[in-house]
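Colleague: here's a sequence, model it:
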Amino acid sequence: MIRLRNRRWRQRGQSFVEAALLLPGIVFLFIGALDAGFYGYALIGIQSAARVAAIYTSSSSSTAADSTGACALVLKELSSMPNITGSITSCGALPLIVTAAGPTTDQFGNSYSTVTVKYQTPALMPIPGGFSGTTTLTRAVQMQIRS
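Modeller: Numbers count the residues shown, from 1 in each chain. The predicted model follows:
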């Protein structure tokens with residue numbers, strides 16, 4: 001009877017050691033998934049913000065190069081990002097740079113406006129040999145100007 005109890009006790013100890021050895025790997029995977037989710041959210045957010053700003057700049061030839069108006073729309077669209085707070089009022093330096101260019105004309109006589117949004121993510125969990133913390137994401141949208 002005593003021998004059976006000792007064997008069960010040793011097996012419980014072995015399970016505890018195995019769990020302790022696996023815990024750092026599980027935590028690392030969880031943090032990596034969390035970081036990947038944040039980067040995906042940031043990519044979708046800046047793509048949407050660039051599209052909204054391009055719709056505004058393509059409304060007429062006079063607004064094609066209006067970086068200030070495009071900046072206001074991008075700030076409104078990215079207001080849920082962690083490092084875009086109410087204190088940021090311009091889009092000329094990182095973490096957010098918005099540029100609107102246009103009108104440019106192609107060979108067929110169509111006019112286009114182009115909006116570029118550059119966003120620097122906040123420092124997340126640094127992954128050794130991988131991401132160093134911050135990443136700069138850039139998206140550009142070109143849209144035909146409505147006449």
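Colleague: any idea which residue sits dead centre in the protein?
Modeller: A42 (2.0 Å; C-alpha atoms, centre = their mean).
Colleague: average pLDDT for the helix or strand that contains that one?
Modeller: A42 is part of helix 2-57, with elements assigned from DSSP states H and E. For helix 2-57, the mean pLDDT works out to 85.
Colleague: following it, which helix or strand comes up?
Modeller: helix 67-77.
Colleague: for that following helix, which positions count as buried?
Modeller: By 16 or more other C-beta atoms under 10 Å, the buried positions in helix 67-77 come out as 67, 69-75, 77. C-beta coordinates here come from the backbone N, C-alpha and C atoms, glycine included.
Colleague: tell me how far that helix is from the chain's mean position?
Modeller: 17 Å (C-alpha atoms, centre = their mean, to the nearest Å).
Colleague: tell me which residues are up against it.
Modeller: 45, 48-50, 52-54, 56-57, 63, 84, 88-91, 96, 98-100, 115, 117 (C-beta atoms under 8 Å, 6 or more residues apart in numbering).
Colleague: and A101, that one's in a strand?
Modeller: Yes: applying DSSP: H, G, I helix; E, B strand; the rest coil, one finds A101 inside a strand.
Colleague: and it, what does it touch?
Modeller: Contacts of A101 by C-beta under 8 Å, 6+ apart are 64-65, 113-116.
Colleague: next one: M125
Modeller: With C-beta under 8 Å, 6+ apart, M125 has these contacts: 31-32, 34-35, 133.
Colleague: where's it relative to L78, distance?
Modeller: 22 Å (C-beta to C-beta, to the nearest Å).
Colleague: kindly report the same for S15.
Modeller: 47 Å.
Colleague: the more surrounded of these two?
Modeller: Set S15 next to L78 and count neighbours by other C-beta atoms under 10 Å: L78 wins out with 23 against 10.
Colleague: can you give me phi and psi for that one?
Modeller: phi -100, psi 20 (degrees, to the nearest 10).
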